[in-house]
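Peer 1: following is a predicted model, sequence given first.
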Amino acid sequence: MFELEAYSPPAWASSLSLVPNQRVLLAQLPTPIHRWAVPGLPEGVELWIKRDDLTGCQLSGNKVRKLEFLLAEALQQGYDCVVTVGGIQSNHCRATAVACRYLGLECHLVLRNSAALVDADPGLVGNLLVDRLVGAHIHQISKEEYGQYGGQAVGQKLADLLTRQGKKPYLIPVGGSSPLGCWGYLEMIRELEGQIAGQGFTDVAMKAEQGGVPLAQAGSRRLTAQGCVLPGRRVHAAGVCDDAAYFYSYIDGLYDGLGAARGVVGTDAQRSFHHLQARGAGYAISKEEELVTTRDVALATGVILDPVYTGKGLHALLQKMRANPAEWAGRKVLFVHTGGLLGLYDKLPQLQGVVQPLERCHRLQLD
């Protein structure tokens, strides 16, 4: 692990215009798939889970799939440091910080925080603890500044500053969402082929954010051809920020960057998947009912969801199923858990309110 190796794409993806020739192995793959007895499933629905939260301890989550290709390019081209951008509890930034330490690259994270906190020490809660333990340089900006300039521009400003200081920075966009990063999900399709071929899955559900879903779904035509997902399958992409129009447009841009535009592959984002609105109260803002779903799933199955993506995504999927159970009867659904456990630590006050009523903590009387 942690070294460059030659990469050969799947035959069905080799005709794309952007094809990497190297990859750096970072993740523990393949991630397992198993039956998932989530409480409250409508009768007749069979739910399974793919555990991309198990790609590695510090690297836990789907983001490392993208980093295997992005950081390979950084190493190939002789960059000495990496810049990327995200929220104050960004899973992508935490995974980038850990991967950079593995590979001997200096890491700089631009993290957006509230205006009231942006000038203070960010603390050690959740992902920040790992970021700082592995030596990442934290550069805070306010949410308002992020909104004014945009993620790519603030990352470029820091990269320009580091260049003037004599460094050679490699800039990774928010979430690792670039055509090159999406090769991590083309590889996921190859992985799925070996795991679920011929097993009758009718639906796949995962998050839509930052291009995590598009290449998995660009490959959904391939899955159908191989019998991994039955003809007539439905792919559900849970969006926890913005609306459906934004995601369809954004993902079409990634298709174009790969040379997989509609004229080439015969489809576009809107025809590749169904957008599942999972925003709730807003990005990284948890509603009590979402946290109750997270609690109930943990109690019943031992699987811990994160509050920003998978918790919201599963909650929205269950709501959709319960609203029309007859539509889901007889379906076999694969839910992709994309990690993010450490983000729960940022929700401790809210979680206290949903966990404490269980009344499972007591003073043991010894006399």
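Peer 2: Nice, thanks for sending it over.
Peer 1: okay, CA-based contacts and neighbour counts for the rest of this
Peer 2: OK.
Peer 1: okay, helices next: where are they in the stretch 201-350 of the chain?
Peer 2: With helices called from DSSP state H, counting those that start in this stretch, the stretch 201-350 of the chain shows them at 214-218, 220-226, 244-258, 262-265, 269-272, 288-301, 310-323, 325-328, 348-355.
Peer 1: and the fifth one, how far out from the chain's middle?
Peer 2: It stands for helix 269-272. A distance of 19 Å separates the centroid of the chain from that of helix 269-272, by Cα atoms, centre = their mean, to the nearest Å.
Peer 1: ditto for the third one
Peer 2: For helix 244-258, the distance from its own C-alpha centre to the chain's C-alpha centre is 16 Å (Cα atoms, centre = their mean).
Peer 1: which elements pack onto that helix?
Peer 2: helix 214-218, helix 269-272 (3 or more Cα pairs under 8 Å, 6 or more residues apart in numbering; DSSP states H and E).
Peer 1: mean pLDDT for those helices: which is lowest?
Peer 2: Ranked on mean pLDDT, the bottom entry among the helices and strands packed on helix 244-258 is helix 214-218, at a mean of 51.
Peer 1: still on that earlier bit, looking at the helices of the stretch 201-350 of the chain, which is closest to L133?
Peer 2: helix 348-355 (21.1 Å; Cα to Cα).
Peer 1: sec struct for D160, please.
Peer 2: Taking DSSP: H, G, I helix; E, B strand; the rest coil as the rule, one finds D160 in the helix state.
Peer 1: how many residues are close by it?
Peer 2: Look at D160: counted by other Cα atoms under 10 Å, it has 14 neighbours.
Peer 1: thinking again about what came up before, pick the most buried one from the helices of the stretch 201-350 of the chain.
Peer 2: Ranked by mean neighbour count under mean count of other Cα atoms under 10 Å, the helices of the stretch 201-350 of the chain are led by helix 214-218, which reaches a mean of 25.
Peer 1: follow-up on the earlier one: what would the helices of the stretch 201-350 of the chain look like in TSV with distance to S17?
Peer 2: Formatted as TSV, those follow (distance: least, Cα to Cα, whole Å):
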stretch	distance to S17
helix 214-218	14
helix 220-226	18
helix 244-258	6
helix 262-265	11
helix 269-272	18
helix 288-301	41
helix 310-323	32
helix 325-328	38
helix 348-355	46
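Peer 1: for E46, which of the ones you listed is the nearest?
Peer 2: Relative to E46, the nearest member of the helices of the stretch 201-350 of the chain by Cα to Cα is helix 325-328, separated by 9.4 Å.
Peer 1: list the contacts of the closest one.
Peer 2: 42-45, 321 (Cα atoms under 8 Å, 6 or more residues apart in numbering).
Peer 1: using ChimeraX, define a selection of the buried residues within those residues.
Peer 2: To isolate the buried ones among the contacts of helix 325-328 in ChimeraX, judged by 16 or more other Cα atoms under 10 Å, type:
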select :42,45,321
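Peer 1: go through the contacts of helix 325-328 and flag which are in helices.
Peer 2: Among those, DSSP state H puts M321 in helices.
Peer 1: now the two most distant members of the contacts of helix 325-328.
Peer 2: G44 and M321 (11.0 Å).
Peer 1: flag the shaky bits of the stretch 201-350 of the chain, pLDDT-wise.
Peer 2: Filtered on pLDDT under 70, the stretch 201-350 of the chain yields the residue ranges 209-233, 260-268.
Peer 1: mind redoing it with 50?
Peer 2: Applying pLDDT under 50 to the stretch 201-350 of the chain flags residues 210, 212, 214, 230-231.
Peer 1: check contacts around V110.
Peer 2: 83-86, 138-141, 154-155.
Peer 1: any chance of JSON lines for these, columns neighbour count?
Peer 2: Shown next, in JSON lines, are the contacts of V110 (neighbours: other Cα atoms under 10 Å):
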{"residue": "V83", "neighbour count": "24"}
{"residue": "T84", "neighbour count": "28"}
{"residue": "V85", "neighbour count": "29"}
{"residue": "G86", "neighbour count": "23"}
{"residue": "I138", "neighbour count": "17"}
{"residue": "H139", "neighbour count": "14"}
{"residue": "Q140", "neighbour count": "23"}
{"residue": "I141", "neighbour count": "20"}
{"residue": "V154", "neighbour count": "18"}
{"residue": "G155", "neighbour count": "25"}
